[in-house]
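Engineer: Sequence below, structure please.
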Amino acid sequence: MCHGSPCDVWEYIYPDTSEEIKKKCLESDADFVFIGHSHYSFIYEQGNKVLMNVGSVGQNRKVGGIANWGFWDTKNNICVIKENPYDIKPLTEQAKKINPDHKYLVNVLNRKPRRE
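Structural biologist: Next comes the predicted model:
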């Protein structure tokens with residue numbers, strides 16, 4: 001488990017990060033590598049190894065009001081990403097109160113799903 005990547009605690013690994021970088025994250029002896037930092041959830045499999053970014057329970061970067069979290073079934077060695085809706089209003093109000101000039105978090109939390 002690491003915050004950024006196994007190579008750099010501050011490295012951002014996104015769903016669209018290159019295969020080369022994702023494979024590098026799986027170079028250890030570990031079968032499962034769990035990362036965070038980017039707040040974007042995804043599961044990447046290479047052979048019998050899994051790289052999973054669990055996302056964020058409070059500041060999802062894909063869409064506001066969705067809490068992402070990862071689940072690893074250690075009996076069956078299966079990883080899944082779960083999501084649950086939550087009310088963003090208390091968090092956005094607190095963010096505005098703490099730093100009214102910094103609107104990034106409020107904007108991220110108010111994101112709507114993209115239409116494909």
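
Engineer: can you pull out the strands in the chain?
Structural biologist: Listed in chain order, the strands of the chain (DSSP state E) span 32-35, 42-46, 49-53, 66-73, 78-85.

Engineer: So for Leu26, which of those strands sits nearest?
Structural biologist: If you check each of the strands of the chain against Leu26 by Cβ to Cβ, strand 49-53 wins as the nearest, at 4.4 Å. Placement of C-beta: from N, CA and C, glycine included.

Engineer: Show the pLDDT at Asp101.
Structural biologist: Reading off the per-residue confidence, Asp101 sits at a pLDDT of 89.

Engineer: Which stretches in this protein count as helices?
Structural biologist: Listed in chain order, the helices of the chain (DSSP state H) span 19-25, 89-98, 104-109.

Engineer: Show me which residues of stretch 33-51 are buried.
Structural biologist: 33, 35-42, 44, 49-51 (16 or more other Cβ atoms under 10 Å).

Engineer: can you check stretch 80-96 too?
Structural biologist: Counting neighbours by 16+ other Cβ under 10 Å, stretch 80-96 gives Ile88, Leu91, Thr92, Ala95 as buried.

Engineer: Much appreciated, bye for now.
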